[in-house]
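Asks: build me a model:
(chains A, B, C and D)
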There are 2 protein chains.
Amino acid sequence: MSLDRRKQIIDAAAKSFALFGYKATTMDQIAKIAQVGKGTIYTFFANKEELFNEILQQVILEMKHIADRESAEQRPFHEKVFRILDQALEFRSRHELAMKLSQELRDVGTPMAKEALNRLESELLTYIEAQLQSAMDRGELAQGDPRIMSFIMYQLYRSLTTEWNKIYDPLDKDTIKETFYKYFMKGILRVTPYESKDE
Amino acid sequence: MSLDRRKQIIDAAAKSFALFGYKATTMDQIAKIAQVGKGTIYTFFANKEELFNEILQQVILEMKHIADRESAEQRPFHEKVFRILDQALEFRSRHELAMKLSQELRDVGTPMAKEALNRLESELLTYIEAQLQSAMDRGELAQGDPRIMSFIMYQLYRSLTTEWNKIYDPLDKDTIKETFYKYFMKGILRVTPYESKDE
DNA sequence: CGAATGACCAAATTGTTATTTTAGTCATTT
DNA sequence: AAATGACTAAAATAACAATTTGGTCATTCG
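Replies: Here you go, the predicted model:
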């Protein structure tokens, strides 16, 4: 039942953080949803921040799980990386908590929201970095600094999706994919998937 | 003397906007610095915003002038583009007004500061877009959508400088240059300057 | 007895009202 | 006719009151 209570609290907190964001979620609120006295929360978690980090950790694992499923697929490497990025950003824009945190950061600028989103980004970068490293080891990829490579990859993909949409009309998925290959992959892949046909 | 007064006002405004930002600059302040009655300002400019736009326009012209000087140089195209981006971002990080506006946007979120910086960015994108178009016409560059190309170029360069520094230690200029070529230019140039030597 | 609890408190947040500042006007002066 | 600065309405800021909230701990319960 001790474990039961802990789970109740985590579930309640997850629900509330996703629904109201970090700041607008109160410990009283969580206790109420979890049907638990407020003091009980503090027997499992030192403070609000620690409880939040527990939830965040779950989200990170969930994201990695999705990426793992993608990278386990038998596909050419360049396809895989593209799909991981795609799924990750898709995940971020679908997952209620991540979305709520983005909004909170925009609207109120809660520092904890910023930190959490940075952490998500950082985890994704680390993940891709590892994928690149292993692809290099397998010889699928030209040598290079995997940290810089993953960073550029992420930034480029983000530019073509999120950033582009801030100024212009969204690009369709095919254009994004093609552009991503044309302007980036081409420079690093050992085997070029799209030959330049002098369009 | 009418022109004289106008210049006095513009100079005073430029000084004040660069020193205190948009919001913290008052019309009284400008009048005082310009040694002019406040009413006089309104015989030349309809309001604060219009006066600010006059200053901004000057900054934009100044930036374009720097870029023009760079692109007039007799250099291979890839060198030119790199240097234009470099000069432009350097300019933005050196120019007092642009810096102050960035700070103001971060700290207070003044909408006018955001708009102004967007305008600077937009002008730079348009400029590069034109450069790319003319390089394509000359056959120095593979065909492609110059808008997407300039956007990616800008974002990539910005990623390697500003964005990278938010997470990691700054990259040195040579690494930036090399990375920029390796991961981007290579994919679009007709003549590859750095041959991959299987490092 | 130890785990759970909710009344309690200091600190932070929010709501409210009073005060000051500021963009823009316009009657008067130069 | 151009320049000015006292003036005003609106906005920003400060000062203060009222409420909320994270965290504690003496008491209760199983």
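Asks: quick one, domains of chain A?
Replies: A:1-45, A:55-188 (automatic domain parsing).
Asks: low-confidence ranges in chain A?
Replies: Residues of chain A that meet the criterion pLDDT under 70 lie in A:1-3, A:185-199.
Asks: hmm, the lengthiest helix in chain A in reach of chain B?
Replies: When chain A is parsed with DSSP state H, its longest helix is helix A:111-137. Yes. Using Cβ under 8 Å from any Cβ of the partner chain, we find that helix A:111-137 touches chain B at A:Ser122, A:Leu125. For glycine as for every other residue, the C-beta is placed from the backbone atoms N, C-alpha and C.
Asks: which other helices and strands contact the helix or strand that comes right after that helix?
Replies: Following helix A:111-137 in sequence order, the next helix or strand is helix A:146-158 (DSSP states H and E). Judged by 3 or more Cβ pairs under 8 Å, 6 or more residues apart in numbering or on different chains; DSSP states H and E, helix A:146-158 is in contact with helix A:77-94, helix A:111-137, helix B:146-158, helix B:173-180.
Asks: quick one: which of the domains of chain A is nearest B:Ile66?
Replies: Nearest to B:Ile66 among these is domain A:55-188 (22.9 Å), distances taken as Cβ to Cβ.
Asks: from the chain's centroid, how far away is the closest one?
Replies: 7 Å (Cα atoms, centre = their mean, to the nearest Å).
Asks: please see if that domain touches DNA strand D.
Replies: No. Domain A:55-188 lies apart from DNA strand D when judged by Cβ under 7 Å from any atom of the strand; the minimum separation is 10.9 Å.
Asks: shouldn't A:Tyr157 be in contact with A:Leu89?
Replies: Yes. Between A:Tyr157 and A:Leu89 a contact is recorded at 6.9 Å, counting by Cβ atoms under 8 Å.
Asks: so which strand or helix has the closest residue to DNA strand C within chain A?
Replies: Going by Cβ to the nearest atom of the strand, DNA strand C is nearest to A:Gly39 of chain A, at 1.9 Å. For A:Gly39, the host element (DSSP H and E) is helix A:38-44.
Asks: chain center to that helix: distance?
Replies: Worked out by Cα atoms, centre = their mean, helix A:38-44 lies 30 Å from the chain centre.
Asks: then it to PDB, C-alphas only?
Replies: Taking Å, rounded to 0.1, in the frame of the first residue of the first chain, the C-alpha atoms of helix A:38-44 are listed here in PDB:
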ATOM      1  CA  LYS A  38      -0.900  16.600   1.600                       C
ATOM      2  CA  GLY A  39       1.700  15.500   4.200                       C
ATOM      3  CA  THR A  40       1.800  12.100   2.600                       C
ATOM      4  CA  ILE A  41       3.200  13.500  -0.600                       C
ATOM      5  CA  TYR A  42       6.200  14.700   1.500                       C
ATOM      6  CA  THR A  43       6.900  11.200   2.800                       C
ATOM      7  CA  PHE A  44       7.700  10.200  -0.800                       C
END
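Asks: that one - contacts with which helices or strands?
Replies: Counting contacts by 3+ Cβ pairs under 8 Å, 6+ apart, helix A:38-44 packs against helix A:2-20, helix A:27-34.
Asks: contact partners for A:Phe45?
Replies: With contact set as Cβ atoms under 8 Å, 6 or more residues apart in numbering or on different chains, A:Phe45 has these partners: A:Ile9, A:Leu51, A:Glu54.
Asks: now the helix or strand harbouring the second one: buried residues?
Replies: The reference is to A:Leu51. According to DSSP H and E, A:Leu51 maps onto helix A:48-72. By neighbour count on 16 or more other Cβ atoms under 10 Å in any protein chain shown, the buried set for helix A:48-72 is A:48, A:51-56, A:59-60, A:63, A:67, A:70-71.
Asks: same check, this time on stretch A:33-41
Replies: A:Ile33, A:Ala34, A:Val36, A:Ile41.
Asks: can you check stretch A:17-28 too?
Replies: A:Phe17, A:Ala18, A:Gly21, A:Tyr22, A:Thr25, A:Met27.
Asks: how far away is the second one from A:Phe184?
Replies: The one in question is A:Ala18. Distance of A:Ala18 to A:Phe184, given as Cβ to Cβ, to the nearest Å: 34 Å.
Asks: check contacts around the nearest residue to A:Met63 once chain neighbours are set aside.
Replies: Ranked by Cβ to Cβ, 6 or more residues apart in numbering or on different chains and with sequence neighbours excluded, the top spatial neighbour of A:Met63 is A:Phe91, at 5.6 Å. Going by Cβ under 8 Å, 6+ apart, A:Phe91 touches A:Glu62, A:Met63, A:Ile66, A:Ala98.
Asks: is it true that the last one touches A:Leu117?
Replies: What that stands for is A:Ala98. Yes. In this structure A:Ala98 lies within contact range of A:Leu117 using Cβ under 8 Å: 7.2 Å.
Asks: quick one, which of these two is more surrounded?
Replies: A:Ala98 (20 against 17; other Cβ atoms under 10 Å in any protein chain shown).
Asks: tell me how far that one lies from A:Thr161.
Replies: For A:Ala98, the distance to A:Thr161 - Cβ to Cβ - is 15 Å.
Asks: kindly report the same for A:Val59.
Replies: 20 Å.
Asks: isn't A:Ile9 right up against A:Phe44?
Replies: Yes. With contacts counted by Cβ under 8 Å, A:Ile9 reaches A:Phe44, the gap being 6.2 Å.
Asks: list the residues that contact both of the two?
Replies: A:Leu51.
Asks: which one's more surrounded, those two?
Replies: A direct count of neighbours by other Cβ under 10 Å for A:Ile9 and A:Phe44 places A:Ile9 higher, at 23 against 17.
Asks: can you pull the contacts of that one?
Replies: Applying Cβ under 8 Å, 6+ apart, the residues near A:Ile9 are A:Ile30, A:Ala34, A:Val36, A:Thr40, A:Ile41, A:Phe44, A:Phe45, A:Leu51.
Asks: do the same with A:Pro146
Replies: A:Glu129, A:Ala130, A:Leu132, A:Gln133, A:Met136.
Asks: now with 10 Å, please.
Replies: A:Ile128, A:Glu129, A:Ala130, A:Gln131, A:Leu132, A:Gln133, A:Ser134, A:Ala135, A:Met136, A:Met153 (Cβ atoms under 10 Å, 6 or more residues apart in numbering or on different chains).
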